[in-house]
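> how would this look folded up:
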Amino acid sequence: TVRKQAEEALRESHELVALFMRHSPIYIFIKAVTATESRVLQASDNFEQMIGRKGPDMVGKTMEELFPAELAAKITVDDWSVVTSGKVLKIDEDLNGRNYTSIKFPISQEGRTLLTGYTIDVTDLKQAQFEREQISRKMLEAQKLESLGVLAGGIAHDFNNLLTGIVGYASLIDVTLPRESPIRAHLDPIQKAAARAAHLCKQMLAYSGKGRFVVQRLDLGQLIEETTEMLKVSISKKVELRMQLERGLPPVEADATQIRQVVMNLITNA
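Next comes the predicted model:
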């Protein structure tokens, strides 16, 4: 009776282990390992999803018979290091476009040390983590752009206040200075530079979301010609800028500052 009870308990134990190996959602393995080979003693059925073989078909096979040569050699070395060191090893591996994490540890049976462990498919987890990092990166970039917009708006306001004084004094000089004065030759560039700076302020305010777009009828050719001086400053001195502008084109309705920015971006990027 005692022997029969022991046999029944052993049978139930084997059946329970077999059920566990058959239905486990993670990849489970037990191996006999030497310095030159790592051979499967038991493996869960679901290995068919990883390497195309069920656990029972893997029993008795070495790593060289189951995996590509380079990966098989690495697994054997890792397994031997676990058995000899007695330490737990966690490793990440890639196989057939999927990502896996394995935990390996030694166990003792009747005076010999075996290796056992489990492998988890973490492909979806890594993909989700990558997507979260992408979202975080985009949020960080958006925050930086928002900060730049606030900074640009503040600089534009301060700059515009300075320009008000420059433009005002230039207007006073223009009114009070005699027409025949040679200083007038220097006044016109000052007023043009101040006007361009004012356009730059509008551009910065538009970038920061605090400005207003002024849509009007524009001659693109004339607008580009007016932007030439700014373009020459923006591009390399090694580059020659030539313009072939079609005359008599119909006007367009646009914001002049934004069109200047488009043209400058096209030229500087090119």
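> When you work out contacts or count neighbours from here on, use the C-alpha atoms and nothing else.
Fine.
> who does the helix ranked longest in the chain touch, helix- and strand-wise?
When the chain is parsed with DSSP state H, its longest helix is helix 123-176. Other helices and strands packing on helix 123-176, by 3 or more CA pairs under 8 Å, 6 or more residues apart in numbering; DSSP states H and E, are strand 98-109, helix 184-208.
> Just checking the distance from it to the centre of its chain.
In terms of CA atoms, centre = their mean, to the nearest Å, the centre of helix 123-176 is set 22 Å apart from its chain centre.
> hmm, back to that, quickly compare the helices and strands packed on helix 123-176 and say which is most buried.
helix 184-208 (a mean of 17; mean count of other CA atoms under 10 Å).
> Give me the below-cutoff pLDDT ranges for the chain.
Applying pLDDT under 70 to the chain flags residues 203, 206-212, 229-230, 233-234.
> which residue is nearest the middle of it?
Gln134 (5.3 Å; CA atoms, centre = their mean).
> Ala128 versus that one, what's the distance?
10 Å (CA to CA, to the nearest Å).
> ok, now Leu205?
38 Å.
> Repeat that for Phe20.
From Phe20 to Ala128 the distance is 29 Å (CA to CA).
> for Leu187, same thing?
62 Å.
> for Met21, same thing?
From Met21 to Ala128 the distance is 28 Å (CA to CA).
> Name the residue in those two with the higher neighbour count.
Met21 (21 against 12; other CA atoms under 10 Å).
> nearest residue to the more buried one other than its sequence neighbours?
Ser44 (4.3 Å; CA to CA, 6 or more residues apart in numbering).
> go on, Leu231?
Met264 (6.3 Å).
> Now do the stretch of helix or strand that neighbour belongs to: everything it contacts.
Using DSSP states H and E, Met264 sits in helix 256-269. Applying CA atoms under 8 Å, 6 or more residues apart in numbering, the contact partners of helix 256-269 are 199-200, 202-203, 214-216, 218, 223-224, 227, 231, 234-235.
> Next: stretch 20-36.
38-47, 76-77, 79-80, 83, 113-121.
> same question, stretch 59-68
37-43, 51, 58, 72-73, 75-76.
> Ends of that stretch, what's the gap?
For stretch 59-68, the end-to-end distance is 18 Å (CA to CA).
> Leu245 falls within a strand, correct?
No. Leu245 sits outside any strand when classified using DSSP: H, G, I helix; E, B strand; the rest coil, being coil.
> that older thread, take the helices and strands packed on helix 123-176 and lay them out in CSV including distance to Leu140.
Shown next, in CSV, are those (distance: least, CA to CA, whole Å):
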stretch, distance to Leu140
strand 98-109, 28
helix 184-208, 17
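> I'd like to know which of those is closest to Arg242.
Smallest distance to Arg242 across the helices and strands packed on helix 123-176 (CA to CA): 21.5 Å, for helix 184-208.
> going on from that closest one, what's the next piece of helix or strand?
Next element after helix 184-208 (DSSP H and E): strand 215-218.
> Restrict the following helix or strand past that next one to CA atoms and write it as PDB.
As assigned by DSSP H and E, the chain's next helix or strand after strand 215-218 is helix 220-234. Only the C-alpha atoms of helix 220-234 are listed here, as PDB (Å, rounded to 0.1, in the frame of the first residue of the first chain):
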ATOM      1  CA  LEU A 220       7.100  88.400 -54.700                       C
ATOM      2  CA  GLY A 221       9.900  89.500 -56.900                       C
ATOM      3  CA  GLN A 222      10.200  92.900 -55.200                       C
ATOM      4  CA  LEU A 223      10.000  91.300 -51.800                       C
ATOM      5  CA  ILE A 224      12.900  88.900 -52.600                       C
ATOM      6  CA  GLU A 225      15.000  91.800 -54.000                       C
ATOM      7  CA  GLU A 226      14.400  93.700 -50.700                       C
ATOM      8  CA  THR A 227      15.500  90.600 -48.800                       C
ATOM      9  CA  THR A 228      18.700  90.200 -50.800                       C
ATOM     10  CA  GLU A 229      20.900  92.000 -48.300                       C
ATOM     11  CA  MET A 230      19.700  89.900 -45.500                       C
ATOM     12  CA  LEU A 231      20.200  86.800 -47.600                       C
ATOM     13  CA  LYS A 232      23.800  87.700 -48.400                       C
ATOM     14  CA  VAL A 233      24.500  88.000 -44.700                       C
ATOM     15  CA  SER A 234      22.900  84.600 -43.900                       C
END
